[in-house]
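J.: quick one, structure for this:
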Amino acid sequence: MKKEIHPQYAVTKASCACGASFEVGSTREEIKVEICSQCHPFFTGKQKLVDSAGRIDRFKKKYAGFDATKLV
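T.: Numbers count the residues shown, from 1 in each chain. Just a heads-up that it's a prediction; the model follows:
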């Protein structure tokens, strides 16, 4: 490898939005992530619902007057 053209690789602190933090190797000084293995539903086994009721209500409101039998 050529000298002095590569970024410095060091142990870095990565922090998640849930409050968890851990050390990883990176060229950055600090890493912030939105989701990690401690809060991700795949790893925790718990499902998080994100505004699903709002989506359903908007859908019902949008298609409240729609009648599919009138299309034929």
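J.: can you give me the end-to-end distance of stretch 25-32?
T.: 14 Å (C-alpha to C-alpha, to the nearest Å).
J.: hmm, I was thinking of stretch 44-64
T.: Chord length of stretch 44-64, first to last residue, is 38 Å (C-alpha to C-alpha).
J.: which helix or strand lies directly C-terminal to the lowest-mean-pLDDT helix or strand in the chain?
T.: Lowest on mean pLDDT, DSSP states H and E among the helices and strands of the chain sits helix 41-44, with a mean of 71. Where DSSP states H and E defines the elements, the next helix or strand beyond helix 41-44 is helix 52-62.
J.: and that following helix, how far out from the chain middle?
T.: 22 Å (C-alpha atoms, centre = their mean, to the nearest Å).
J.: in that helix, what's buried?
T.: Counting neighbours by 16 or more other C-beta atoms under 10 Å, one finds that helix 52-62 has no buried residues. (C-beta placed from N, C-alpha, C; glycine too.)
J.: counting by contacts, list what it packs against.
T.: Helices and strands touching helix 52-62, by 3 or more C-beta pairs under 8 Å, 6 or more residues apart in numbering; DSSP states H and E: there are none.
J.: and it, average pLDDT?
T.: The average pLDDT within helix 52-62 is 79.
J.: tell me where the model's unsure across this protein.
T.: Applying pLDDT under 70 to the chain flags residues 1, 43, 47-53, 72.
J.: again, only this time at 90
T.: 1-4, 6-8, 17-20, 29, 33-72 (pLDDT under 90).
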